[in-house]
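J.: I would like the atomic coordinates for the input below:
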Amino acid sequence: MSTDEALTRAEELLKRVEDVRAELEGISATDEGSPDRAIELLGQLSELAKAVEEELTRAQREADAQS
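T.: Numbering: from 1, shown residues only. Reported below is the predicted structural model:
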């Protein structure tokens with residue numbers, strides 16, 4: 001995978017992070033928010049954050065290898 005591909009993937013993952021964060025914010029803004037759904041969303045945020053970190057690390061390795 002090239003540096004550009006890894007960065008593009010990281011950007012896509014960050015978009016998903018924002019979508020999940022917005023949903024979580026929506027849940028917390030209402031009294032009808034499901035605690036179970038909030039916990040599920042927090043888990044998704046954690047997984048997405050790890051994936052973003054992996055992609056950025058991959059991009060850094062690729063950039064270092066190309067220089």
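J.: for residue 33, helix, strand, or coil?
T.: Recorded secondary structure, residue 33: coil (DSSP: H, G, I helix; E, B strand; the rest coil).
J.: Grab the nearest non-local neighbour of it.
T.: In this structure, residue 33 finds its nearest non-sequential neighbour in residue 27, 3.6 Å apart by C-beta to C-beta, 6 or more residues apart in numbering. For every residue, glycine as well, the C-beta is placed using N, CA and C.
J.: Quick check: next helix or strand after the helix or strand hosting that neighbour?
T.: Following DSSP states H and E, one finds residue 27 within helix 3-28. Toward the C-terminus, helix 3-28 is succeeded by helix 35-66 as the next helix or strand (DSSP H and E).
J.: buried ones in that next one?
T.: The neighbour-count check on helix 35-66 (16 or more other C-beta atoms under 10 Å) flags 41, 44, 45, 48, 51, 52, 55, 56, 58, 59, 62 as buried.
J.: dump the residue contacts of the residue minimising distance to the centre of the chain.
T.: What sits nearest the mean C-alpha location of the chain, by C-alpha atoms, centre = their mean, is residue 48, with 3.3 Å. Residue 48 makes contact with 13, 16, 17, 20 under the criterion C-beta atoms under 8 Å, 6 or more residues apart in numbering.
J.: For the second one, give me the pLDDT.
T.: What that stands for is residue 16. We have a pLDDT of 97 for residue 16.
J.: what's the answer for the last one, then?
T.: With respect to pLDDT, residue 20 scores 97.
J.: how many other residues sit next to the closest residue to the residue nearest to the centre of the chain other than its chain neighbours?
T.: Distances taken as C-beta to C-beta, 6+ apart place residue 17 nearest to residue 48, at 4.8 Å, with adjacent residues excluded. Neighbour count for residue 17, taken as other C-beta atoms under 10 Å: 17.
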